[in-house]
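Q: Return a 3D structure for these sequence lines:
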Amino acid sequence: MYQAGLRVGEVHGLDISSIDLDNQTLEVIGKGNKCRILHLTDEMVQILIEWMAVRSRFYKSNKTDALFVSKKGNRLAIRTMEDNIKKIVRDSGIYARFNISCHTLRHSFASHLNDKDVDILVIQSLLGHTSPRSTELYIHPSLEKVRESMERLPGVIFLNQMSVTFSRWLFYAAFLWKYSSGYPNMNNTLPYNRFCSSSR
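A: This next block holds a predicted model:
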């Protein structure tokens, strides 16, 4: 679900014929029976190859076209997928202020692509949305992305430069005070003080 940004219902509806490992493609039937073709990464291909090897051992798995099957050999139910996600999250010890569900993975898919500056129209196509407005609801910029964007503001850049300049001025002022007035015994250690002494 995360790797391809699929809805849990779309995963539920996948058949063995939906995947083309040679061409690394995945055919997905989304809302309104709309079909979209997605690219399978090398990692996803390897995962599917390993799954197919395990799938053949499931009871009556050879009597169904479903890609993902249950212990009884039936198409894996949506409720079972949702329960499995909850168990994985609970056992992993992940803490979150919100409920992590199958749909959370789809949102994360869109948000992470957005953080990588992927065009929203591309994300829209991958998610199977008919409008960019629907896609915008799935995009949640990371705190790092928000911080970087704020740092690009002209006013923020100016203040940062002023802050650096002011810090340097304070450093030089403290340095001069320390060696010129703060420590009388070291008056002759600086060219500035020797110049002042010779001109008196």
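
Q: What's the separation between the residue nearest the centre of the chain and residue 54?
A: The residue lying closest to the centre of the chain (C-alpha atoms, centre = their mean) is residue 112, at 3.0 Å. Distance of residue 112 to residue 54, given as C-beta to C-beta, to the nearest Å: 28 Å. C-beta here means a position set from N, CA and C on the backbone, and glycine is covered the same way.

Q: same deal with residue 78?
A: 21 Å.

Q: go on, residue 93?
A: When residue 93 is compared with residue 54 (using C-beta to C-beta), they lie 26 Å apart.

Q: cool, residue 92 as well?
A: 21 Å.

Q: can you give me the helices for this structure?
A: 8-12, 42-55, 78-92, 102-115, 120-127, 132-136, 143-151, 154-177, 191-198 (DSSP state H).

Q: other SSEs contacting the third one?
A: Right, helix 78-92. Contacts defined by 3 or more C-beta pairs under 8 Å, 6 or more residues apart in numbering; DSSP states H and E place helix 78-92 against helix 8-12, helix 102-115.

Q: Flag the shaky bits of this structure, pLDDT-wise.
A: Applying pLDDT under 70 to the chain flags the ranges 141-200.

Q: Let me see the domain layout of it.
A: Domains of the chain are assigned by automatic domain parsing as 8-148, 153-198.

Q: With distance to residue 50 as added columns, please give the helices and strands packed on helix 78-92 in JSON lines.
A: Formatted as JSON lines, those follow (distance: least, C-beta to C-beta, whole Å):
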{"stretch": "helix 8-12", "distance to residue 50": "17"}
{"stretch": "helix 102-115", "distance to residue 50": "20"}
